[in-house]
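Enquirer: Let's see this in three dimensions:
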Amino acid sequence: GEPRAPPPLSQIRAVAPFLCTPPGELFVSGLAVLFVFAMGAFGIAMGMILCLTLGLNAYVIQAHPDAAADLRDPDDAGPGAAAPFHGGYEDDSPYAPKTQPSTADL
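Expert: Okay, the predicted model is just below:
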């Protein structure tokens, strides 16, 4: 088969692991808010909506840390670390795909 590039999220984790944490995602979204605010009246409206969304996300992350468990690094053995994602099927499920789907199958 052809060589495959690693998934983008694993590349981001390798370069800047902080960005894959809930505070890191809030930080990047905060930078997006600053960018959107510079786009006139519509941008200010969208920035305010994004700020509201960020505030609600920060509240959920603070009040219910288990809700953000899937954002943590799977290699982290700390409490609440999420199990790696395997496509939604149990390993012994008869419905699990036998091979990784590829764009060549389309």
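
Enquirer: could you check the distance from residue 7 over to residue 33?
Expert: The gap separating residue 7 from residue 33 is 27 Å, by CB to CB, to the nearest Å. The C-beta positions use only the backbone N, C-alpha and C, and glycine is treated the same way.

Enquirer: which one of the two has more residues nearby?
Expert: Here residue 7 and residue 33 are set side by side on neighbour count (other CB atoms under 10 Å), and the busier one is residue 33, at 17 against 9.

Enquirer: shouldn't the more buried one be in contact with residue 50?
Expert: Yes: counting by CB atoms under 8 Å, residue 50 is a contact partner of residue 33 at 5.1 Å.

Enquirer: Pass me the low-pLDDT residue ranges in this protein, would you?
Expert: Low-confidence regions of the chain, defined here as pLDDT under 70, cover residues 1-6, 68-106.

Enquirer: all strands of it, in order?
Expert: Using DSSP state E, the chain contains no strands.

Enquirer: Could you pull out the helices in it for me?
Expert: With DSSP state H applied, the chain shows helices at 8-15, 22-37, 40-63, listed in chain order.

Enquirer: Measure how buried the residue nearest to residue 18 when sequence neighbours are not counted is and give me the count.
Expert: Spatial nearest neighbour of residue 18, chain neighbours left out: residue 24 (4.5 Å); criterion: CB to CB, 6 or more residues apart in numbering. One way to gauge burial is a neighbour count; for residue 24, by other CB under 10 Å, it gives 15.
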